[in-house]
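Student: sequence-free structure coming up:
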């Protein structure tokens, strides 16, 4: 049975979300776009699987400087949300946040059920082949594609390895050991020419 992975974008120590060596300080939950109307609302694309945690009174952090603001209101608008912040009550006032990412503290993320985890927790894991226990490299990035995620594995030398996040390839994830066990199906990795 596949484990559910939840979307987040992470920032923090070593610019990774890895539990090895440390968790990120902030998780990006969306991006602000342009003001909407005259009362301080701004359009936000949602990057989190938990938009319900964005409620009035919640503190969020905006942009690269992580400016602390409190949410005043939130409502859905098509596939995005319209969000406003306390003390930013005009189109001009909220316009300064155009194109800024919205973060929450990683410590404030909702706990997950057993067998579920956040994508950023995969970053930094050792990736080991199941047949010969060979270290392929470390998971450095997760690409979110339409069909399934793709894990980018960085070996000590050579080209990055791209592995699809499918049950026949990703066999086991062990956070305590800091490793992911994978099965390489033919054609996934270029063979070295002798």
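Tutor: That came in fine, so what should we check first? As the structure is a prediction and not an experimental result, all values here were calculated from the model. Residues are numbered from 1 along each chain as shown.
Student: Please make it C-alpha for all contacts and neighbour counts, starting now.
Tutor: Noted.
Student: got the phi/psi numbers for residue 29?
Tutor: Dihedral angles of residue 29 (phi, psi; degrees, to the nearest 10) stand at phi -110, psi 0.
Student: again with residue 51
Tutor: Dihedral angles for residue 51 - degrees, to the nearest 10 - are phi -70, psi -20.
Student: Kindly report the same for residue 73.
Tutor: phi -150, psi 160.
Student: which residues does it contact?
Tutor: Contact partners of residue 73, counting by Cα atoms under 8 Å, 6 or more residues apart in numbering, are 55-56, 82-85.
Student: Reformat those residues as JSON lines; add distance to residue 101, pLDDT and neighbour count.
Tutor: As requested, the contacts of residue 73 are exported to JSON lines (distance: Cα to Cα, whole Å; pLDDT from 0 to 100; neighbours: other Cα atoms under 10 Å):
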{"residue": "55", "distance to residue 101": "17", "pLDDT": "96", "neighbour count": "15"}
{"residue": "56", "distance to residue 101": "18", "pLDDT": "98", "neighbour count": "15"}
{"residue": "82", "distance to residue 101": "14", "pLDDT": "98", "neighbour count": "22"}
{"residue": "83", "distance to residue 101": "13", "pLDDT": "98", "neighbour count": "24"}
{"residue": "84", "distance to residue 101": "14", "pLDDT": "98", "neighbour count": "26"}
{"residue": "85", "distance to residue 101": "14", "pLDDT": "98", "neighbour count": "22"}
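Student: per the record, what domains does the chain have?
Tutor: Using automatic domain parsing, the domain parsing of the chain gives 4-108, 124-182.
Student: Could you dump the contacts of residue 73 into JSON lines and include secondary structure and distance to residue 71?
Tutor: JSON lines is the format used below for the contacts of residue 73 (DSSP: H, G, I helix; E, B strand; the rest coil; distance: Cα to Cα, whole Å):
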{"residue": "55", "secondary structure": "coil", "distance to residue 71": "7"}
{"residue": "56", "secondary structure": "coil", "distance to residue 71": "5"}
{"residue": "82", "secondary structure": "strand", "distance to residue 71": "11"}
{"residue": "83", "secondary structure": "strand", "distance to residue 71": "7"}
{"residue": "84", "secondary structure": "strand", "distance to residue 71": "6"}
{"residue": "85", "secondary structure": "strand", "distance to residue 71": "4"}
